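# coordinates only, sequence not included:
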């Protein structure tokens with residue numbers, strides 16, 4: 001059972017939680033219990049369809065307690081293993097809302113009552129948590145928009161006041177952006193120390209060991225081509241916003257504030273557009289890129305010939321650098337010529353908008 005104020009992100013969280021449970025082998029059922037907010041039911045159904053999770057709904061004319069009662073019966077008949085109740089929120093805590101939540105809780109008898117709190121509300125979240133916990137005893141907390149500027153410092157206060165554990169963090173807008181709460185990782189984010197473990201876990205979800213080994217071999221041998229680089233760009237986008245990724249790297253959080261992230265994102269998009277405008281043969285063999293081919297690529301990508309020339313030059317520098325660096329070998333020693341103080345080799349950082 002998910003509870004919280006309007007705008008905290010309960011509906012989206014319901015789907016995120018359902019997706020996580022589905023991946024672990026469960027058969028979740030989403031229940032549309034918010035009959036007051038315009039389009040709330042439609043939103044839940046659309047998001048549920050995106051991840052192939054069914055939604056139980058009876059429209060906006062049936063009272064939430066009745067909907068929940070019927071949904072529980074339906075879930076038992078159809079052998080769903082987990083029911084996720086999306087309840088209505090309000091702009092502020094009021095007695096009528098709390099009475100309805102108490103009725104729903106008595107009918108559903110949920111194993112978990114999770115309070116969804118927007119991390120951007122700051123210390124106001126403490127009063128919200130106290131109000132809900134007094135009327136509908138909570139079993140856990142979920143902080144959404146933890147990727148915002150607040151960094152989730154309010155989570156510590158809410159945890160202290162309610163005495164219930166923080167169970168999940170909403171780390172982004174995508175439906176897969178939900179992670180179990182880990183105290184040390186949140187502390188690292190609050191202190192600007194990064195969160196490398198989460199970044200590694202995200203990468204492991206997107207990149208197989210075979211792909212990683214193949215890419216390491218190509219980098220060592222200098223066989224890294226534009227086709228490989230395009231694949232890396234696509235995988236990078238799957239990890240989340242560039243600001244979020246860089247913020248997880250130790251020592252980079254403060255530097256991100258000094259970077260025009262819109263310009264950096266724009267640089268990535270231009271790079272991807274240029275490579276997409278090449279033929280597969282050209283991506284695999286950049287030596288084919290003569291003047292006429294570069295003019296065609298520039299026209300096809302909406303960029304200039306100078307942009308194409310710059311990318312090819314930077315890519316050549318990166319190839320040379322990667323071959324010299326070699327990556328760490330089996331002996332554990334870095335090849336002679338490796339090094340560089342930046343987070344990325346110069347050629348690569350230039351293409352990422354000067355993030356070195």
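Now that the structure is in, tell me what you want to look at. This structure is a prediction, so every number in the text was calculated from the model and none was measured.

# could you pull out the helices for the stretch 151-300 of the chain?
With helices called from DSSP state H, counting those that start in this stretch, the stretch 151-300 of the chain shows them at 154-162, 183-190, 196-206, 209-221, 226-238, 242-247, 253-256, 261-276, 280-284, 291-301.

# do the same with the stretch 1-150 of the chain
10-23, 40-50, 64-77, 95-108, 124-135.

# contact partners of the third one?
By CB atoms under 8 Å, 6 or more residues apart in numbering, the residues outside helix 64-77 that reach it are 29, 31-35, 56-58, 83, 85, 87-88, 100, 103-104, 107-108. No exception for glycine: its C-beta is placed from N, CA and C like everyone else's.

# 10 Å instead, please
The list of residues contacting helix 64-77 from outside it, by CB atoms under 10 Å, 6 or more residues apart in numbering, reads 1, 27-36, 54-59, 62-63, 80-83, 85-88, 100-110.

# tell me the angle that helix makes with helix 95-108.
Between helix 64-77 and helix 95-108, the angle comes out at 20 degrees (axes from the mean of the first three to the mean of the last three CA atoms, to 10 degrees).

# Buried ones in helix 64-77, by neighbour count?
Within helix 64-77, the residues scored as buried using 16 or more other CB atoms under 10 Å are 64, 65, 67, 68, 71, 72, 75.

# and if you look at the fourth one?
By neighbour count on 16+ other CB under 10 Å, the buried set for helix 95-108 is 97, 98, 100, 101, 103, 104, 105, 107, 108.

# Between the residues you listed, which sits nearest residue 135?
Nearest to residue 135 among the buried residues of helix 95-108 is residue 98, at 4.3 Å by CB to CB.

# who touches the residue lying closest to the closest one once chain neighbours are set aside in this structure?
Closest residue to residue 98 apart from its sequence neighbours, by CB to CB, 6 or more residues apart in numbering: residue 135 at 4.3 Å. Residue 135 makes contact with 3, 93, 95, 97, 98, 99, 101, 102, 105, according to CB under 10 Å, 6+ apart.

# Could you tell me the per-residue confidence at residue 135?
pLDDT recorded at residue 135 is 88.

# Tell me the spacing between it and residue 93.
8 Å (CB to CB, to the nearest Å).

# what do you get for residue 30?
Going from residue 30 to residue 93 by CB to CB gives 25 Å.

# what mean pLDDT does stretch 96-112 have?
In this model, stretch 96-112 carries a mean pLDDT of 92.

# Now do that stretch: everything it contacts.
Stretch 96-112 is touched from outside by 1-3, 5-6, 17, 31, 33, 36, 63-72, 82-85, 87-91, 113, 131-132, 134-140, 167, with contacts defined as CB under 10 Å, 6+ apart.

# Please indicate which of these are buried?
Applying 16+ other CB under 10 Å to the contacts of stretch 96-112, the neighbour count classes 1-3, 5, 17, 31, 33, 64-65, 67-68, 71-72, 82-85, 87-90, 113, 131-132, 135-136, 138 as buried.

# what's the weakest-modelled helix or strand in the protein?
Every helix and strand of the chain was ranked by mean pLDDT, DSSP states H and E. The lowest is helix 346-351, at a mean of 41.

# Please identify the buried residues of stretch 291-310?
Across stretch 291-310, burial judged by 16+ other CB under 10 Å covers 294, 296, 297, 298, 301, 303, 307, 308, 310.

# Make JSON lines from the residues you listed and add distance to residue 42 and pLDDT to it.
Below are the buried residues of stretch 291-310 laid out as JSON lines (distance: CB to CB, whole Å; pLDDT from 0 to 100):
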{"residue": "294", "distance to residue 42": "48", "pLDDT": "94"}
{"residue": "296", "distance to residue 42": "45", "pLDDT": "94"}
{"residue": "297", "distance to residue 42": "43", "pLDDT": "94"}
{"residue": "298", "distance to residue 42": "43", "pLDDT": "93"}
{"residue": "301", "distance to residue 42": "38", "pLDDT": "91"}
{"residue": "303", "distance to residue 42": "40", "pLDDT": "91"}
{"residue": "307", "distance to residue 42": "42", "pLDDT": "91"}
{"residue": "308", "distance to residue 42": "45", "pLDDT": "92"}
{"residue": "310", "distance to residue 42": "46", "pLDDT": "90"}
